[in-house]
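In: What shape does this take:
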Amino acid sequence: MIRKLHTKLDFKTISSLLTNIKSIGANSLLVTMFGLFTMIASTTPAQAELVDLSSPEPVIKFASQDASWLRPPNFDRAVSSIDKFINCAYYFDGDDLKPCGNRLFKMVFSLRVDTQGSIRNVKVIESSGITNIDRRVARELKSARFKPFLREGKAVEGRVDIPITFRAP
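Out: Here you go, the predicted model:
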């Protein structure tokens, strides 16, 4: 008895298979492939890994006395048109119709500062009571820059609370 060590492909079988695949509609083929993929995926155990995306170094809270401005905010720009936000009205000769001058505004902002001294996050801790003023002051704070906070000679991320007080014109 002699065995064949090599077998040749039967092209008739392959061509009939291709003919049958062509006769199956495109949608049927997609559904079949999706089902096959689902069966394979369900038999393979899923493996997941928890990844900690938080900063490896903690954010250190600093006192406002420890903060040193590299580029201070320009609050004059933020509060230049404050009278339209606090409903002040004046007669043409300058007398107060609805007095609001000398009104004291107090705000406190929490700033997150990165290792280069850029302000990454501005959060209102204590509001002035007028949202538009808070937004303008927060925008000015965000454009400012600190000297980096240092711990043991190394720049670190920090958080600092900045109190701001001003009088309405």
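In: hey, where'd the helices end up in this protein?
Out: Counting by DSSP state H, the chain has these helices, from start to end: 11-23, 26-43, 75-79, 131-143.
In: Can you point out the buried residues in the last one?
Out: Neighbour-count burial for helix 131-143, counted by 16 or more other CB atoms under 10 Å, picks out 133-134, 136-138, 140-142. From N, CA and C alone the C-beta is placed, and that goes for glycine too.
In: Roughly how far does V137 sit from P148?
Out: Counting by CB to CB, to the nearest Å, the separation of V137 from P148 is 23 Å.
In: what does F105 give?
Out: Distance of F105 to P148, given as CB to CB: 30 Å.
In: so T165 makes contact with V108?
Out: No: the criterion here is CB atoms under 8 Å, and T165 misses it with V108 at 9.6 Å.
In: out of the two, which sits in the busier spot?
Out: More crowded of T165 and V108, by other CB atoms under 10 Å: V108, with 16 against 10.
In: The more buried one bridge partners, please.
Out: Taking DSSP bridges as the rule, V108 bridges to E126, P163.
In: got a pLDDT number for it?
Out: pLDDT, V108: 95.
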